[in-house]
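In: Sequence and predicted structure, then a few things I'm wondering about:
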Amino acid sequence: MLSDIKVIEFQLDNAKSYSDIFGNSTQSFEIKSYFIKLANLVHPDHVDENDKEYANVVFAKLLTLRERAKEAIRNGTYRVPISKTFNLNSSEGEYVLFETPLATGNHSKIYKGTINKTPILAKVSKFPKDNVFLEFEADILKQEIKYTPKVIDSFYLNQSVKRYRVNIMPYDKEFYSLREIKNAYTKGLDPKDSSWIFRRILGCILTADLMGVGHGAITFEHILVHPISHDPLYLGWGDTKTINKYRTEKSDVMDAALLFSSISDELPKEIKKFTQTCIADDESKRPYAYEALEEFTKIIRSLWGSEYRPLTMPTR
């Protein structure tokens, strides 16, 4: 009997899709039939006393996979490769995270996941020495400034003698990072679209100013926008700086202009002239964020008016 349990556990752990476990049909009675056959072999009530503890573990895996298979049927992903997951626990409950990181930053890996079926993002420090950056991020985001994510949980993950900081934030699939936008528009965005995005990037720098810091990490991954409402969401607060804040702000303006130019198709000459000011070698000639936003707003309104149009993005 023990050999049967081991074989079934191997099948569960190595299944490429739910159909490998519960058959090709997506009919609930078919899945139930496969489940019953497997359960009869691994249920703790059906095995020898010495095997009950091991059977308990395997049966729990089977139950979890059955529930995920049902959800995959609803989502239309029953036959696609299974995304492997792992669990993290805190006082708030159990977080189920996908093994493959959504993104990797300087100090953390970012994972998609859920808690009680609610989507979340988990930032986990890459190394214990990076904990300080995630601690600072959690502290600064307690201010709950508009367009910044809310930290809904922050805790330490203990692995052997090492401790890793974890910050949990809500996840909204309607937002797209500049990296996704750049990848979707390989030939560059129409300046009418990229211009409102640039205003959102400048808004991130102004938001940092409201929080009393310089952002210090204006990147493709840290600026998210909603393609319809045009609302922004600003990430990456672990690198913010309180020392030399205004110098950091001018560097941020330069980085913002470089991002803007890299996602845009051919820009009008008025905008090109403006961006050259933002990336001037002489830092003293670069505008502060509020100056840049004010001047840039005047330029684009003189060119196209004040209306933005929705940005079309491919379905994820």
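Out: That came through, no problem.

In: how many other residues sit next to residue 84?
Out: When neighbours are counted by other Cβ atoms under 10 Å, residue 84 registers 10. C-beta coordinates here come from the backbone N, C-alpha and C atoms, glycine included.

In: which residues touch it?
Out: 98-100 (Cβ atoms under 8 Å, 6 or more residues apart in numbering).

In: start to end distance for stretch 263-283?
Out: 23 Å (Cα to Cα, to the nearest Å).

In: Quick check: buried residues in that stretch?
Out: 263-264, 267, 271, 274-275, 277-278 (16 or more other Cβ atoms under 10 Å).

In: what does stretch 231-247 give?
Out: Of all the residues in stretch 231-247, those buried under the rule 16+ other Cβ under 10 Å are 232-241, 245.

In: and the nearest residue to residue 155 once chain neighbours are set aside, how far is that from residue 165?
Out: Nearest residue to residue 155, sequence neighbours excluded (Cβ to Cβ, 6 or more residues apart in numbering): residue 90, at 4.3 Å. Computed as Cβ to Cβ, to the nearest Å, the residue 90 to residue 165 distance reads 12 Å.

In: Kindly point out which residues are neighbours of both of those two.
Out: Joint contacts of residue 90 and residue 165 (Cβ under 8 Å, 6+ apart) are residue 155.

In: Look at those two and report which has more neighbours.
Out: residue 165 (24 against 15).

In: How about the backbone phi and psi for that one?
Out: Dihedral angles of residue 165 (phi, psi; degrees, to the nearest 10) stand at phi -80, psi 140.

In: Tell me what it is bridged to.
Out: Per DSSP bridges, the residues bridged to residue 165 are residue 156.

In: quick one: buried residues of the strand or helix carrying residue 248?
Out: According to DSSP states H and E, residue 248 maps onto helix 245-263. For helix 245-263, the neighbour count (16+ other Cβ under 10 Å) marks 245, 248-257, 259-261, 263 as buried.

In: quick one, strands of the stretch 201-316 of the chain?
Out: All strands of the stretch 201-316 of the chain, identified by DSSP state E, counting those that start in this stretch, fall at 223-225, 232-234.

In: what about the last one, average pLDDT?
Out: The one in question is strand 232-234. Averaged over strand 232-234, pLDDT sits at 92.

In: Please identify the pairing partners of it and their relative orientation?
Out: Its sheet considered, strand 232-234 pairs with strand 223-225 (antiparallel) by DSSP bridges.
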